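Q: here's a sequence, model it:
(4 chains)
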There are 2 protein chains.
Amino acid sequence: MEKSSVQTVSSEDLAKAAGVKPTQLRKDLSYFGQVGTRGLGYYVDQLAEMITDLLGTASLQPVILVGVGNLGSALLSYKRFEEEGFQVVAAFDEVVSPSRQNQIVQQVYPMNDLPAYVTERDIKLAILTVPSISAQGVVNSLVAAGITGILNLSPSVVQVPEEITVHDVNLAIELETLSYFIQS
Amino acid sequence: MEKSSVQTVSSEDLAKAAGVKPTQLRKDLSYFGQVGTRGLGYYVDQLAEMITDLLGTASLQPVILVGVGNLGSALLSYKRFEEEGFQVVAAFDEVVSPSRQNQIVQQVYPMNDLPAYVTERDIKLAILTVPSISAQGVVNSLVAAGITGILNLSPSVVQVPEEITVHDVNLAIELETLSYFIQS
DNA sequence: ATATGTGAATAGGTTCACAGCC
DNA sequence: GGCTGTGAACCTATTCACATAT
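A: A predicted model of the protein is given here:
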């Protein structure tokens, strides 16, 4: 909307775009203060600024990716991250073979390089696309290195200290859930 | 657990593996009947059978994939689907160039072939990895062809009739959420 | 003794209904 | 008149506490 110079937008339109009900959207926004204008709606630029501030994506955020298998390398070239304010700045893997190299990040680094890289650049976010078996070990290294947010795409539950945030995305489970709901 | 011949398992162990509390797990299972044995736990084989029956993955389920870009081709070689009872049997794309061919499925088919393929084989599930702009159009074709469950990895909300189930997975939003929670 | 199954209590999230403001 | 902001009502989900079964 900012790109197409739309000035204001109603909670109804926003809700439609987000797939929720207008009251839900208004209630949610209200937790962050009075941000709209009655009788008019929300100023697009104001709202966008508020949201990026809240999310912490006002400035480009560096992210590392660990595990350069099929899924990992696909995500290295996934354009959406950049559009939303994230930049995958480095990729790491146990095995650094030529086949695991990738044109997006200049190089796939060995796991040993991870702690120094993360600490020096003060990186907080990591995408985890390693096999289930190595997930917990890698997570321990990430936490030790100073990572505080992990997007876990490996199909396993990992243990972390409570100040660390982990979000699990399990595509196989998503398909199973679908399979369940489409029955009868 | 079945593979390692474990006979029984407690709700506590299952809950730990799933990342939930034991009471939650027991309550959830109880909605499907009395399935455990008091004083003992759950018989692994019985429970596994009950769950695959409920999910509808007792027999291998065919799935199609639409949109063979970066993410799409990665998912074509994602082994976990098969392990959980799903088989990606065909891939479709607007553009069928040599660079979009893939060694997993024999061929990437043009979108025009989709309706006949889906109808003839009575396929119910689809994975959607197309660009945002073409999502709604593709979804309309899928629904018309008889697909009833869609795993939508494209970053847009799509409209479907209410008997169709759509699950959205938006990786950029997952990163944004992480970014929010790791602040302060 | 041990671990499930479950009604009751609690907590959390969504929607309603309408007051408040432009 | 139009659209947001929000307390109250409602609905859903989680946890507790313990009865029940092996």
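Q: anything in the longest helix belonging to chain A near chain B?
A: Under DSSP state H, the helix in chain A containing the largest number of residues is helix A:132-145. No: judged by C-beta under 8 Å from any C-beta of the partner chain, helix A:132-145 stays clear of chain B, getting no closer than 8.7 Å. The C-beta positions use only the backbone N, C-alpha and C, and glycine is treated the same way.
Q: and the helix or strand following that helix, what's its mean pLDDT?
A: Scanning forward in sequence from helix A:132-145 by DSSP states H and E, the next helix or strand is strand A:149-152. Averaging pLDDT along strand A:149-152 yields 98.
Q: how about stretch A:170-184?
A: Confidence for stretch A:170-184, expressed as mean pLDDT, is 95.
Q: next one: stretch A:135-146
A: The predicted model gives stretch A:135-146 an average pLDDT of 98.
Q: list the buried residues of the longest helix of chain A.
A: Residues of helix A:132-145 classed as buried by neighbour count (16 or more other C-beta atoms under 10 Å in any protein chain shown): A:134, A:135, A:138, A:139, A:141, A:142, A:143, A:145.
Q: ok, now stretch A:148-163?
A: By 16+ other C-beta under 10 Å, the buried positions in stretch A:148-163 come out as A:148, A:149, A:150, A:151, A:152, A:153, A:154, A:155, A:156, A:157, A:158, A:160.
Q: phi, psi for the residue in chain A positioned nearest to DNA strand C please.
A: As assessed by C-beta to the nearest atom of the strand, DNA strand C sits closest to residue A:39 within chain A, at 2.7 Å. The phi/psi pair for residue A:39 (degrees, to the nearest 10) reads phi 80, psi -10.
Q: hang on, the earlier thing: so what touches the longest helix of chain A?
A: If you take C-beta atoms under 8 Å, 6 or more residues apart in numbering or on different chains as the criterion, helix A:132-145 is touched by A:66-67, A:94, A:111, A:114-115, A:118-119, A:126, A:128, A:130, A:150, A:152, A:154-156, A:158-161, A:164, A:166.
Q: any idea how far it is from the chain center?
A: The chain centre lies 18 Å from the centre of helix A:132-145; the measure is C-alpha atoms, centre = their mean, to the nearest Å.
Q: the biggest strand by length in chain A close to chain B?
A: Ordering each strand of chain A by length in residues (DSSP state E) puts strand A:86-93 first. Yes: Strand A:86-93 lies within reach of chain B by C-beta under 8 Å from any C-beta, at residue A:86.
Q: kindly report the same for stretch A:25-41.
A: No: Stretch A:25-41 stays clear of chain B (C-beta under 8 Å from any C-beta), getting no nearer than 11.2 Å.
Q: who's in contact with the residue nearest to the spatial centre of chain A?
A: Centroid-nearest residue in chain A: residue A:151, 6.3 Å away (criterion: C-alpha atoms, centre = their mean). Residues near residue A:151 by C-beta under 8 Å, 6+ apart: A:125, A:126, A:127, A:128, A:167, A:169, B:171, B:174, B:175, B:178.
Q: which of those residues fall in helices?
A: Those of the contacts of residue A:151 lying in helices (DSSP H): B:171, B:174, B:175, B:178.
Q: quick one: which of these is nearest to chain A?
A: Lowest distance from chain A to those (C-beta to the nearest C-beta) belongs to residue B:178, with 3.9 Å.
Q: which residues touch the nearest residue to the closest one once chain neighbours are set aside?
A: Using C-beta to C-beta, 6 or more residues apart in numbering or on different chains and skipping the chain neighbours, the partner closest in space to residue B:178 is residue A:149 (3.9 Å). With contact set as C-beta under 8 Å, 6+ apart, residue A:149 has these partners: A:124, A:125, A:126, A:164, A:165, A:166, A:167, B:178, B:179, B:181, B:182.
Q: look up how far residue A:160 lies from residue A:149.
A: Distance, residue A:149 to residue A:160, by C-beta to C-beta, to the nearest Å: 10 Å.
Q: residue A:148 now?
A: According to C-beta to C-beta, residue A:148 and residue A:160 sit 9 Å apart.
Q: for whichever strand or helix holds residue A:27, packing partners?
A: In this assignment (DSSP H and E), residue A:27 forms part of helix A:22-30. Using 3 or more C-beta pairs under 8 Å, 6 or more residues apart in numbering or on different chains; DSSP states H and E, the elements in contact with helix A:22-30 are helix A:11-18.
Q: quickly check: the helix it packs on near chain B or not.
A: Yes: on the criterion C-beta under 8 Å from any C-beta, helix A:11-18 is in touch with chain B at A:16, A:17, A:18.
Q: spell out which residues of chain A are next to DNA strand C.
A: A:20, A:21, A:23, A:24, A:27, A:37, A:38, A:39, A:40 (C-beta under 7 Å from any atom of the strand).
Q: just the element for the one residue in chain A that gets nearest to chain B, please.
A: Residue nearest to chain B within chain A (C-beta to the nearest C-beta): residue A:74, separated by 3.1 Å. Using DSSP H and E, the element containing residue A:74 is helix A:70-76.
Q: where's that helix relative to the chain centroid, distance-wise?
A: 14 Å.
Q: what do you get for stretch A:39-57?
A: Taking mean C-alpha positions (C-alpha atoms, centre = their mean), stretch A:39-57 and its chain are 19 Å apart.
Q: what about that stretch, near DNA strand D?
A: Yes: under the criterion of C-beta under 7 Å from any atom of the strand, stretch A:39-57 makes contact with DNA strand D via A:39, A:40, A:41, A:42.
Q: quick one: which of the residues you listed sit in helices?
A: Reading helices off the residues of stretch A:39-57 next to DNA strand D, I find no matches (DSSP H).
Q: for these, which one is nearest residue B:84?
A: residue A:42 (41.8 Å; C-beta to C-beta).
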